[in-house]
Each structure stands twice: as structure tokens, then as C-alpha cells.
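Participant: After the sequence you'll find the predicted model.
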Amino acid sequence: MNMNKLAYNSNRPALSLLAGLALLGLLAVAILGAPWLAPHDPLKQQASERLEKPSLQHPLGTDRFGRDVLSRALHGGQSTLLASLTALAAALAIGLLVGLLAGMFHGSALDAALMRLIDVLLAFPFMVLAMLVAALFGTGLVHLLLAVVSVWWVSFARLARSAALHAKSETSYAAARVLGASSASLLLRELLPKALGPSLVLATFELGSLILSVAALSFLGLGSQPPAPEWGSMLADGRDHFLQAPHILLGPALFIVLTVLAFNLIGEGLRDRLDPYEKSDV
Amino acid sequence: MSKLNRPAALRLHNLQVSYTQNGRPVPVLGKLSLALGQGEIVSLLGESGSGKSTIAKAMTGLLPPSAAIGGGELIVGDGAAVDLTVNGVPWSKLRGRKIGLLFQDAQQALNPLLTVRAHFRESLRFHRLASSAKEADGIGARLLAQLRFSDPTAMLDRYPFQLSGGMCQRVCLALSLSLKPAVLIADEPTSALDTVSQKEVLDLLRRVREEHGVAILLVTHDIAVANAVSDRIIVLNRGVIEEEGEARAVLSRPQAAYTRKLIASRSRIADAPRRSDEMPTASEPVLEIGRLDKSFHKRPVLRQLDLTLHRGDIVGILGQSGCGKSTLARCIAGLERPDGGRILYRGTDVVRLRGRARREICRHIQLVFQDARASLNPRRTAVQLVQEPLRYLRIGSRREREALARFYLNEAGIADELQERRPPQLSTGQCQRIAIARALILQPDVLICDEAVSALDMSVQAQILALLQRLHRQFGFAMIMISHDVRVLRSFCHSIAVMNEGSFCEVKPAEALHLESRQPYTRLLLQCAGELEAGLG
């Protein structure tokens, strides 16, 4: 079969990166500019305008307290994105470090210990662990992050370890050893770049479920507390009224989808950028 | 196209192929035509980048997506012409069944999860050439016996990873023949094999041509391979046929300037052995290896191996694949830890050193790998790559490091304008130059070259060997040159150690290594090499 028509378009990676960055830029402007852009006060309750349908005055309608959904979504983006991006970055950093160490000292006691810890964490239901953290340390943003990160790094560690094992079998790794590289150099200069690409892509995919988990934890009382707006808790709130007024879910859901899409596009583009052989495919 | 004096087994008309590179199409083949007579062996000879593999891939529908076929027709036997440009070429009926295929890496061509038996069953039953599994097994066993497997039934139950490279290639050949193709396309089938297995596979190709009447298109960069088996040779250069004719005529009286250049570059690796009086006078040994032992999974790879190297020495290590020569290199370079014995660098036992002290030894002992491109991190530019060892060992300031790197790159023949490029934008030969510059920037006392030129085109091979020779004269390090190619070693080394099953069976000055050796293993290696070369100038 002639597959030429279906050939991989080499312009696509740059395009996806640009599109992702553009979308993220728009979202950032909207979210950071919320105090000026939002049509209403996100906290102001208006008993006469409860659960209103989208209109010119309230483009995404109002919630059960008569608050403007668009304004709340714009304001809520700040805390949601701050929490989930911090959690993601921390999880990525811990996961990469643990995974690369385990991969580098493959077969050692360290590797075995780290991998068993990961197995235990994977077997543990996330919500139970998060509730444990809440019970032990109390509520608040920091503890929310602690709960999320303590579980989320695991998948990055697994990925980084397998990437490290693969990179270790390559000739360039052996060459670096012959050239006198120390363990730290090997880890940072030979293994990390190989693990970073796939990890970033995974991170962009994980962002969506992370935002939802943060929401679930807010629902449990960890994290942001009402009446402060936050995408996850707005979704959780809306759930009770979604049969009468489905539009209240639309606002936060739309923002979550757009954010995840932006990061996915960026992740896709970054991965292709980070792979030096992708570009000069002869 | 030259006239065939027998009915054609395969004809290819006006093949045009271009590759997309950086968004622009780069033509590789322009209106290329060739033909194979029934039962004829034709070599498609060319250097890397000549488009020879592209032809083989286009004829089997295996081009990568970045390639576009602009035109071309394929006729197998007396079948109808197949337009290669259109979608829906019935490859599943052509490939395997009409056109058999052999790849360079036979081990990878086989499915690692299936036994040889399962391979036969799968392909024979897919093409409806065997009605039962038993029949397929019978056909398989018969073919394996023909291809000189001493115990074909036992071979049927082996997995690919239990077989050597040469055995895998013979299994692939048997598999191809089981479908009774009219044509066999062999893309560098022996390039990854050592001389002994190479000769074995080439002998078999000649034999199956006689016994099965199959026409063979042999794609190769190696003049000796083309010389050993072909009836006709097609010389390809930059997608254009430079010369085509009877094998002996092309090689002994080349008409095209390019063919002459190709043959000359080969003889630039002089066949005359290096004279022993060039050997440096013995001084303190820089490297002393004593009773070295290493085994993998209880299988001994190095046995009680001894080797002494003086400053300025060039010692060649000759052996088949699997004899342990690469393991020896990796032990000396510190990549493997030997189970027993010692490796003394100027009196210090390197094996015992750990951490920073071991890394300091890297200043003195360096290794150049066979796969130059893979040994370089593709993310860094040439000038960054050469600085790596200085960075690792914290030598010099940033500016000094860069200046030194540029000096060594220039010495290794990498011009200023190439120094900012990364490996993907450089040729394999250029990558090997960078790897050599990188190894020498530490001014080592010992340089180990593990098959450092084996993967290169003949003309590039000669260039790299000349480069190594010049640098050796300039810097005076001792060298261990590992190769399966007698020719390279004889012209380059002062002495040659023949390695078999983990130890040296013979160590001789280069000029004293000849066919009358008392060691049967040395005789076998030299004989195989000699027969490939027979008749070549």
C-alpha cells in the first residue's frame, strides 16, 4: 500500500506547540485579568437571580446563590491552576528524581526499596490516602498539595525509571562513563534529558485528572473553602442542581477542557522538540 | 539498461524516489531502471547515501513515510507490470511470495517470541504453500538441512536469541526460500557478520542460486562481497547508475571514474603489512593485563587473558564475533568489572579503584566505539561533545575547554563550520571523527578502538585509518585496535593477537601473520578473508 498520502507532516509539532501556547496565553490573560475582565463580583450573591440561564448579563448563567458563573470561573482559575500546577510540578520533580535514581542504580537495594514503595502507593486508594493526610495535618491549600503530591509522583517515577533503563543501555551512556562522567553528571546530563520528554507529555495528560482530584479533595474539605471560587468545587457544587440548570457545570468544565487541551498541545509539541532525531528524519 | 542474455526474473523501470527533508523534497533516485535475469546474482554496489537501499525498499513497498515515489514500474517474471506510484499494490502477494527479502540484521528480522518452527508454519500457511503444520515443519527441516544446519529438527525448536548472527541469516534465507520466490533481494545481508560467517552466507547464496534457480539482487557497500558472489555488478552513485556489467570486467577494468575511485579507496588501506622495524623500542609498559577473567551468566567470555602494551604500540585484536574482544575493551575502559585478574595502568591496578580515583584513569585510557553516531549525545553540538570529558573531570576554564575542543576538532578534520552542528546533521564518518577528537582531548596513553571503522564506507574507512595513523604519530599514544577485518589490522598494527573463545591463541608481528600459521583458527580466519579478496586488485 502506498502510505505516502498519510505521511507524517513534519510541520505539525511546531503547529501544536504554537496553538497550545496561544491558547494558554489567552487563558492566562483571562484568568490573571479576572479582577478587570470579570463582569461581576464572584462572591456577590443575588437571591433574585438564582440558577438563571445564560444571558447577555450573565454569559454563563448564575449558580444557586445567584453568583455569576463566568466571573467565578475566571476568578477561580487562579487558585485551581496555582494548586494543580504546583502539585504537578512537585510530583514531576519528585517522580523524576526517584525514578532516575532507581533506574541508575538498577538492581541495587535502593532500586528495590523505591520500587516496593511505589507498589504500595499504587495499591493504596488515592482518596483514602488523601483523607489520611487531612486527618493527620488538617485542611488548607498546603495540605491539599501534600496529599496530591504524595500520590501523584508515582506514575512519573515509573516512567522515568523505564526511560532511564532504556537510556542506560545506549552507547552514548557507556561513552559518557568512559569519558569520566560522575554519577551526578550521568544522571543530569545523560538520563534526565531522555526521561524529560515522555514525562512532560504524561504531565500534560495528568493535568486534567489532577484538577478533578483537587476538586474532589476540596469537596472533602481539603483545599479552598467556600465561598472562594475554584473550578473543582464549582463542578461539585453544580452537581446538585445540574438537572434543573446544566449550564452551571458548563463554565468550569469549559475552562478545564481548554486548559487541559492547551497543555496537551504544548506537551505534544515539546516532546517532538525534545527528540533531536525527529526533525532530521532521512 | 544492459541487455540480458537470459529471460528476466525482475525488471524495474524508471523508478523515481524523493525524500522529504525539512519540508522540502530531496530527490534520491531519478528514473532508475535495472533488470535481473533468471538465476542471476547482481550486486548493487554503492556507498551510503547512494540510494541502493532505497531501490530495494521501493521494490518491496518498505519505504518510510518520508519517501515519495514519483514514478516506477515493477515486473516480476512474466507477470503484469505493477505501478509503484499508486495505492494498493498487492504487496502481500508479491513480497515474500514472488520477491524474497533478506535484511542486514537477521536477528531483528525474526520474531523473538517465535521459534524457527513457528516462523515456517506462519509464512507457509499464510501463503497456502503447506496444508498442515506438519508439512510446514517438513519443508522447514529440509531447507535448513540444505543450508548446512547439522541438526535441522533441533534447529526448528530454537528461538532467534539462541542463534548467532550468521545462523539467523541462514534461517532467514531458508524462510525466504520456503516460499519459492523468483527473486531474492538481500540488503547488506553479511555486513553485520564476521568474516567466517560472511563467507558461509555468501557461499550459500551462490548455492541456492544453483539449486533453486532464484535470482538474487545483493545490495552492498563492500567490493569484496560483490566480488565474491556476483555475476553482474551495478555501481550506484548518488542515485545514478555509474557503471553496469559483468562482475570481473567492472572490477578489473572499471570504466567509470567513480568505480575507479571506489576501488582505489579500498586499496588505500594498503594490503602490505606494517613492518616490524617501525615498532617502537620497548619502554616501561603503560598497560599490563594479567590473567583476566570475565563471565556472563556463568559462561566464560574472557579466560586468563594476558596482554602488555608499551607506549606507542599498536596492537590489533582479531577474532570472530562472540570471541570476547569487545568485552576485553569494555573491561579495560572500566565499563565492565572483571571477575578476576588485574589491569595495571603504569603499575596501578585499575580494577580495584572506585569513584573519583577510577574516573581519573579515564584521562589515560579511552575507548572509541563502533557505532559513532550512537556514542554521541544527539542533543549537543560537535564542539560541546568534544568538551565533555574536560567538563566531567573539571579540567580548564570554560574558554580553555572550548579552545582545546576546537583545536582537536580541527586536528580530526572537522572544519569550523561543522563544529556547531549536532550528530543528526553530520555523516557517520564525521561522527567518528568527533568521537576520536573527544577521546584524544584528554591526551590518553591508551586508545582502544573497538571496530571503529567497521561500520563505515570503504572510502571513509581509509580516511579514518589515515587520521588515526597521523594522530598516533603526533601524540604517540598506545593503541588497541579491535577488528574482525584482517586487512585493516595488517596494514595498521605492529602486532596482531588472534582471539578465540576468550583468550589469545596467537600473538604475532603483523608481517608474520600468514596462512601458514600453526594455529588452525588463525588459518581459518585468514582463509575466509583471502577467499573473499580473491581476484581483487
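Facilitator: Perfect, I can see it now.

Participant: Around chain A, pick out the residues from the stretch 351-500 of chain B.
Facilitator: Contact residues, the stretch 351-500 of chain B versus chain A (Cβ under 8 Å from any Cβ of the partner chain): B:356, B:359-360, B:362-363, B:366-367, B:369, B:371, B:374-379, B:388-389, B:391-393, B:422-425, B:435, B:438-439, B:442. For glycine as for every other residue, the C-beta is placed from the backbone atoms N, C-alpha and C.

Participant: Could you look up the SS state of B:G322?
Facilitator: coil (DSSP: H, G, I helix; E, B strand; the rest coil).

Participant: Could you check the pLDDT of A:G208?
Facilitator: At A:G208, the model reports a pLDDT of 75.

Participant: Please identify the helix or strand for the closest residue to it other than its chain neighbours.
Facilitator: Excluding its sequence neighbours, the residue lying closest to A:G208 (Cβ to Cβ, 6 or more residues apart in numbering or on different chains) is A:V260, at 3.9 Å. Per DSSP states H and E, A:V260 falls inside helix A:247-274.

Participant: Need the mean per-residue confidence for that helix.
Facilitator: Mean pLDDT, helix A:247-274: 84.

Participant: Which strands or helices does it pack on?
Facilitator: helix A:12-32, helix A:69-104, helix A:192-220, helix A:231-239 (3 or more Cβ pairs under 8 Å, 6 or more residues apart in numbering or on different chains; DSSP states H and E).

Participant: what's the offset of the third one from the middle of its chain?
Facilitator: It refers to helix A:192-220. 3 Å (Cα atoms, centre = their mean, to the nearest Å).

Participant: got it, and stretch B:99-112?
Facilitator: Counting by Cα atoms, centre = their mean, stretch B:99-112 comes out at 15 Å from the chain centroid.

Participant: List the buried residues of that stretch.
Facilitator: B:I99, B:G100, B:L101, B:L102, B:F103, B:Q104, B:D105, B:A106, B:Q107, B:A109, B:L110 (16 or more other Cβ atoms under 10 Å in any protein chain shown).

Participant: for stretch B:357-377, same thing?
Facilitator: For stretch B:357-377, by 16+ other Cβ under 10 Å, it's B:359, B:361-377.

Participant: What of stretch B:33-50?
Facilitator: Counting neighbours by 16+ other Cβ under 10 Å, stretch B:33-50 gives B:34-47, B:49-50 as buried.

Participant: That one close to chain A?
Facilitator: No: in terms of Cβ under 8 Å from any Cβ, no part of stretch B:33-50 sits within range of chain A; the closest distance is 9.0 Å.

Participant: OK, now which residue of the stretch 101-250 of chain A is nearest to chain B?
Facilitator: Nearest residue of the stretch 101-250 of chain A to chain B: A:G180, at 3.4 Å (Cβ to the nearest Cβ).

Participant: right, and that residue touches B:C362 too?
Facilitator: Yes: A:G180 lies in contact with B:C362 (Cβ atoms under 8 Å); the separation is 3.4 Å.

Participant: Show me whatever sits in contact with both of the two.
Facilitator: B:P389, B:Y392, B:L393, B:L442 (Cβ atoms under 8 Å, 6 or more residues apart in numbering or on different chains).

Participant: What is the burial count for the third one?
Facilitator: Meaning B:L393. 18 (other Cβ atoms under 10 Å in any protein chain shown).

Participant: And for it, nearest residue in space, chain neighbours not counted?
Facilitator: A:G180 (4.7 Å).

Participant: picking up where we left off before, residues of the helix holding A:V260 that come out buried?
Facilitator: Per 16+ other Cβ under 10 Å, helix A:247-274 contains these buried residues: A:247-252, A:255-256, A:259-272, A:274.

Participant: give the contact list for the closest residue to chain A within the stretch 301-450 of chain B.
Facilitator: Of all residues in the stretch 301-450 of chain B, B:C362 sits closest to chain A, at 3.4 Å by Cβ to the nearest Cβ. Applying Cβ under 8 Å, 6+ apart to B:C362 gives the contacts A:V178, A:L179, A:G180, B:G334, B:P389, B:Y392, B:L393, B:L442.

Participant: Let me see the contact set for the residue nearest to A:G208.
Facilitator: A:T204, A:L207, A:G208, A:I211.

Participant: how about the last one, what does it touch?
Facilitator: Same thing as A:I211. A:I211 sits in contact with A:T80, A:S84, A:W231, A:G232, A:I256, A:T259, A:V260, where contact means Cβ under 8 Å, 6+ apart.

Participant: Quick check: residues of the stretch 101-250 of chain A near chain B?
Facilitator: Counting by Cβ under 8 Å from any Cβ, the stretch 101-250 of chain A sits next to chain B at A:170-172, A:174-182, A:185, A:189-190, A:193.

Participant: which one of those is nearest B:D485?
Facilitator: In terms of Cβ to Cβ, no member of these lies closer to B:D485 than A:T171, at 20.3 Å.

Participant: still on that earlier bit, so which of the contacts of B:C362 sit within helices?
Facilitator: A:V178, B:P389, B:Y392 (DSSP state H).

Participant: so where's the stretch 251-400 of chain B shaky on pLDDT?
Facilitator: Within the stretch 251-400 of chain B, the stretches with pLDDT under 70 are B:268-282.

Participant: Tell me which residues touch residue 165, please.
Facilitator: Went with chain A since none was named. Contacts of A:L165 (Cβ under 8 Å, 6+ apart): A:G103, A:H106.

Participant: not what I meant, chain B
Facilitator: B:A106, B:Q107, B:A192, B:L193, B:S197, B:S321.

Participant: Tell me if B:L32 really is in a strand.
Facilitator: Yes: using three-state DSSP, the assignment for B:L32 is a strand.

Participant: now the strands for the stretch 51-200 of chain B?
Facilitator: For the stretch 51-200 of chain B, the strands defined by DSSP state E, counting those that start in this stretch cover B:67-76, B:82-83, B:99-102, B:183-187.

Participant: Show me what the first one is packed up against.
Facilitator: Packed against strand B:67-76 by the contact rule (3+ Cβ pairs under 8 Å, 6+ apart) you find strand B:8-21, strand B:24-37, helix B:52-58, strand B:82-83.

Participant: just the strands in the stretch 401-537 of chain B please.
Facilitator: Going by DSSP E, counting those that start in this stretch, the stretch 401-537 of chain B shows strands at B:446-450, B:478-483, B:495-500, B:503-509.

Participant: rewinding a little: switch the helices and strands packed on strand B:67-76 over to CSV; also include distance to A:A22 and mean pLDDT.
Facilitator: Putting the helices and strands packed on strand B:67-76 into CSV (distance: least, Cβ to Cβ, whole Å; pLDDT from 0 to 100) gives the following:
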stretch, distance to A:A22, mean pLDDT
strand B:8-21, 26, 90
strand B:24-37, 26, 89
helix B:52-58, 39, 91
strand B:82-83, 44, 90
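
Participant: still on that earlier bit, for the strands of the stretch 401-537 of chain B, which one sits closest to B:Q461?
Facilitator: Nearest of the strands of the stretch 401-537 of chain B (Cβ to Cβ): strand B:478-483, 10.5 Å.
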